[in-house]
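Visitor: Mind folding the following:
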Amino acid sequence: MIIEKEILSIEEKEVLRELWNNEYPERLHLNTIEDFDLYLNGLLNTKHYLLFDDLNKIIGLTFTFLREKENWFAIILDHQIQGKGNGSLLINELKKKNKSLNGWVIDQENELKQNNEFYKSPMPFYIKNGFSILTETRIENEKMSAVKINWKS
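Guide: Sure thing, here's the model as predicted:
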């Protein structure tokens, strides 16, 4: 089940911060709920789409926001439910409500996660879901090395 929200509760933020820290590379780690708030508060026109399992537990999130007059998104899924259509379910929800989506994707597999496993680049997932890779547009900083992706309806 997907629930759309503009404002997240403290409990939801804590669950999502934990999901973020478990699934994204360690250098993107958010130490506190305040760090998560700082990140979210820096985004404009944010809409959150929470994915719940049958026990009403949050197992995934995607959110859209405005950056430089473009619609951007991010997505996080619990690793236990990846590869089962849940990511596509969330992406399709965004596609219904947006004409274009942009994101940053880590395109190498040398990043470590908090549990010391390697972060698996989701690039094949985005290609399968109709995104173009804009190889000439990259972000390189202490937090991330990634390439821009775009989807247009």
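
Visitor: Would you mind listing the outside residues contacting the longest helix belonging to the chain?
Guide: Scanning the chain for the longest helix, with DSSP state H as the assignment, gives helix 10-23. With C-beta atoms under 8 Å, 6 or more residues apart in numbering as the test, helix 10-23 has contacts from 5, 8, 28-30, 33, 35-37, 40, 50, 58-61, 76-79, 113-115. No exception for glycine: its C-beta is placed from N, CA and C like everyone else's.

Visitor: hmm, 6 Å instead?
Guide: 29-30, 33, 36, 58, 61, 76, 114 (C-beta atoms under 6 Å, 6 or more residues apart in numbering).

Visitor: Of all the residues in that helix, which ones are buried?
Guide: Neighbour-count burial for helix 10-23, counted by 16 or more other C-beta atoms under 10 Å, picks out 12-13, 15-17, 19-21, 23.

Visitor: Filter the contacts of helix 10-23 down to the buried ones.
Guide: Here, 16+ other C-beta under 10 Å leaves 30, 36, 58, 61, 76, 114 buried among those.

Visitor: Going by contacts, tell me the helices and strands next to the strand or helix carrying the second one.
Guide: In this structure, Phe36 is located in helix 33-41 according to DSSP states H and E. Packing contacts for helix 33-41, counted by 3 or more C-beta pairs under 6 Å, 6 or more residues apart in numbering; DSSP states H and E, involve helix 10-23.

Visitor: need the strands for this protein, in chain order.
Guide: 2-5, 44-52, 58-67, 70-77, 100-105, 132-140, 145-152 (DSSP state E).

Visitor: For Met123, which of those strands is the nearest?
Guide: strand 100-105 (5.7 Å; C-beta to C-beta).

Visitor: could I have that closest one exported to PDB, CA atoms only?
Guide: Taking Å, rounded to 0.1, in the frame of the first residue of the first chain, the C-alpha atoms of strand 100-105 are listed here in PDB:
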ATOM      1  CA  SER A 100       9.500  14.500 -16.000                       C
ATOM      2  CA  LEU A 101      11.700  13.100 -13.200                       C
ATOM      3  CA  ASN A 102      15.400  13.700 -12.400                       C
ATOM      4  CA  GLY A 103      17.600  11.900 -10.000                       C
ATOM      5  CA  TRP A 104      21.200  11.200  -9.100                       C
ATOM      6  CA  VAL A 105      22.300   7.600  -9.300                       C
END
